[in-house]
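A.B. asks: Fold the stuff below for me.
(one chain, ligands or ions: 2)
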Amino acid sequence: MLLTGRTLSFSGDPAVDASSVKYTENGAVLVSDGHILWTGQAGEEPADLSDGAECHDYGDNLILPGFVDGHVHYPQIGVIASFGTQLLDWLEIYTFPEEARFADRDYAERTAKLFLDLLVANGTTTAAVYCTVHLESAEAFFAESSARNMRMIAGKILMDRNAPQNVRDTAQSGYDNTKSLIEKWHGRGRNLYGVTPRFAPTSTPAQLEACGTLMSEFEDVYLQSHVSENIEEVQWVKELFPGARSYQDVYAQYGMLGSRALYGHAIHMDEADLAQAAETGTKFVHCPTSNLFIGSGLFRMAEICASGVDVMLGSDVGGGTSLSSFATMKAAYEISQFCGYSLTPEEAFWLSTSGGAETLSLGDRIGKLEAGFEADIIVLDLYSTPIIRQRMNQAKSLRDMLFAQMILADDRAVRATYVAGNLVHRAADMEIRSV
Ligand code: GUN
Ligand code: ZN
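C.D. replies: Ligands and ions are numbered 1, 2, ... in the order given. Next up, the predicted model:
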């Protein structure tokens, strides 16, 4: 299959080296067997590789790697846009009751299908996904992700205290069920496993210890959790773990930091926390729409990146307000403005594609339009609404064009999504029904 159109990819961080932005007006991407075989100028495809290829000419649409979402809760799509609370009340009032429904395998399956339909309709092809505490919720998710051959990281939440009984496990069952899910799903097809303790307040020391044990038993699985999102939460952690220097230090004490560890939010951090994260290679996921919506605070991205911590972006739906990477990039820009700098669109698109893939240690497989990479590719209509068309008529540079998209575009811009070389979404087929 040969895709032609404008192409955009990044060979590295554009903030470090501006020449890492690879944009081609008349670009081409040759795909075979789920992988990219070749990319370059349209018309210059090597004949031996492109012979007999089916051609899809996307004209002036933009072809780029699929978006990567570093933090999202699939069971929370039913509680997105819930009014009027901050984190701890939001969990009690809206989130735990909805998550309790995922003990039902059928509900979990239907929601996993809807979630993945919505993800690809938004151009997201890889995500680090929280399921619920129920084994069934993770089984349902991995089964659906496998059926679509998606590169997904996911895990069953571990939560054995400070939550209603119907969303709790125990230190032992959390460990046993996580272990059996890892053995079944990690590395099966394109699935990867993330050990998922919800956050320190909902795990006993015994359960956190079990998480550390799992991380030492399975060296290439991920760990995902939340850290220092909300002031009251930080205070609560101080009371629950008086021996820890800080919230993040609780995780350090249980062997839960490291290059496969992904922590959402990381808002209320001090210098020692940043130094500890940088030293251990621990990753932070900036969840800007969620941090605004739940009123948690402002993630100081420039300062955190400068301290040597790898960062990526996450939607954090249902705390976050959109599955669209455009919405996430826009909110990240708005927060950057509050923090005294302006996030460039090159940086934002890089973070949403190959930068995010690097933070997930997947930078050699996804996130770039390069030979050998997995063919998770999206096609964006750069003129998807009247106001974007008007703005694009005045765009004078690639930066201007990308910035207009990041501020104004949404799922209407996603014309096509390919997962491992298969067309899984086309704007024209858009009919997604609720669960
Ligand atoms: N902290 C613990 N659980 C959650 C959750 O589900 N969403 C968010 N935003 N923060 C959390
Ligand atoms: Zn979250």
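
A.B. asks: Going by C-alpha atoms from here, please, whenever you check contacts or count neighbours.
C.D. replies: OK.

A.B. asks: The closest residue to residue 281 other than its chain neighbours and residue 279, how far apart?
C.D. replies: Closest residue to residue 281 apart from its sequence neighbours, by Cα to Cα, 6 or more residues apart in numbering: residue 259 at 4.4 Å. Separation of residue 259 from residue 279 (Cα to Cα, to the nearest Å): 10 Å.

A.B. asks: now swap in residue 299 and tell me
C.D. replies: Using Cα to Cα, one gets 20 Å for the distance from residue 299 to residue 279.

A.B. asks: More neighbours: which of those two?
C.D. replies: Per other Cα atoms under 10 Å, whichever of residue 299 and residue 279 has more neighbours is residue 299, with 24 against 15.

A.B. asks: Check the secondary structure at the more buried one for me.
C.D. replies: Per DSSP: H, G, I helix; E, B strand; the rest coil, the local secondary structure of residue 299 is coil.

A.B. asks: My read is that residue 261 contacts residue 221, right?
C.D. replies: No - judged on Cα atoms under 8 Å, residue 261 makes no contact with residue 221 at a distance of 9.1 Å.

A.B. asks: Which of those two has more residues huddled nearby?
C.D. replies: It is residue 261, of residue 261 and residue 221, that has more neighbours when counted by other Cα under 10 Å, with 25 against 19.

A.B. asks: Return the set of residues that bridge with the more buried one.
C.D. replies: Beta-bridge partners recorded for residue 261 (DSSP bridges): residue 223.

A.B. asks: Enumerate every residue touching it.
C.D. replies: Applying Cα atoms under 8 Å, 6 or more residues apart in numbering to residue 261 gives the contacts 222-224, 282-283.

A.B. asks: what does the protein put close to ligand 1?
C.D. replies: Contact residues, the chain versus ligand 1 (Cα under 6 Å from any ligand atom): 198-199, 226, 319.

A.B. asks: and if we set it to 8 Å?
C.D. replies: 73, 76, 87-88, 91, 95, 198-199, 225-227, 229, 264-265, 290-291, 294, 316-320 (Cα under 8 Å from any ligand atom).

A.B. asks: are any of those buried, and which?
C.D. replies: Buried by 16 or more other Cα atoms under 10 Å: 73, 76, 87, 91, 95, 198-199, 225-227, 229, 264-265, 290-291, 294, 316-320, out of these.

A.B. asks: Looking at those, which are in helices?
C.D. replies: Among these, DSSP state H puts 87, 290-291 in helices.

A.B. asks: Residue 36 looks like it's in a helix, true?
C.D. replies: No - applying three-state DSSP, one finds residue 36 to be strand, outside a helix.

A.B. asks: Cross-check the contact I'm expecting between it and residue 28.
C.D. replies: No - at 10.7 Å, residue 36 does not count as touching residue 28 under the criterion of Cα under 8 Å.

A.B. asks: Counting neighbours, go ahead and name the busier of those two.
C.D. replies: Set residue 36 next to residue 28 and count neighbours by other Cα under 10 Å: residue 28 wins out with 27 against 24.

A.B. asks: so for the host helix or strand of the more buried one, what's the average pLDDT?
C.D. replies: Assigned by DSSP states H and E, residue 28 falls within strand 21-32. Computed over strand 21-32, the mean pLDDT rounds to 98.

A.B. asks: Against which helices or strands is it packed?
C.D. replies: Other helices and strands packing on strand 21-32, by 3 or more Cα pairs under 8 Å, 6 or more residues apart in numbering; DSSP states H and E, are strand 2-10, strand 35-41.

A.B. asks: Can you list the helices and strands that the last one packs against?
C.D. replies: Translated: strand 35-41. Looks like strand 35-41 contacts strand 21-32 (3+ Cα pairs under 8 Å, 6+ apart).

A.B. asks: strand partners of the strand it packs on, parallel vs antiparallel please.
C.D. replies: With DSSP bridges as the test, strand 21-32 pairs up with strand 2-10 (antiparallel), strand 35-41 (antiparallel).

A.B. asks: For ligand 1, what is the nearest residue in this protein?
C.D. replies: Using Cα to the nearest ligand atom, residue 319 is the residue of the chain that sits closest to ligand 1, at 4.7 Å.

A.B. asks: Residue 365 versus that residue, what's the distance?
C.D. replies: Remark: distance between residue 319 and residue 365 (Cα to Cα) = 29 Å.

A.B. asks: Kindly list the main-chain dihedrals of residue 196?
C.D. replies: As for residue 196, its main-chain torsions (degrees, to the nearest 10) stand at phi -130, psi 70.

A.B. asks: give the contact list for it.
C.D. replies: Contacts of residue 196 by Cα under 8 Å, 6+ apart are 130, 155-158, 223-225.

A.B. asks: can I get those in a markdown table with pLDDT and distance to residue 172?
C.D. replies: Output for those, formatted as a markdown table (pLDDT from 0 to 100; distance: Cα to Cα, whole Å):
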| residue | pLDDT | distance to residue 172 |
| --- | --- | --- |
| 130 | 99 | 20 |
| 155 | 98 | 16 |
| 156 | 98 | 14 |
| 157 | 98 | 13 |
| 158 | 98 | 10 |
| 223 | 98 | 18 |
| 224 | 98 | 19 |
| 225 | 99 | 19 |
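
A.B. asks: Restricted to strands, list the residues you listed.
C.D. replies: 130, 155, 157-158, 223-225 (DSSP state E).

A.B. asks: Could you point out the longest helix of the chain?
C.D. replies: helix 105-121.

A.B. asks: Please point out which parts of it sit buried.
C.D. replies: 105, 107-109, 111-121.

A.B. asks: show me where the stretch 201-350 of the chain has helices.
C.D. replies: Assigned by DSSP state H, counting those that start in this stretch, the helices in the stretch 201-350 of the chain fall at 205-217, 231-240, 247-253, 271-280, 288-293, 301-306, 325-338, 345-352.

A.B. asks: Output the contacting helices and strands for the first one.
C.D. replies: If I follow you right, that is helix 205-217. helix 171-185, strand 191-197.
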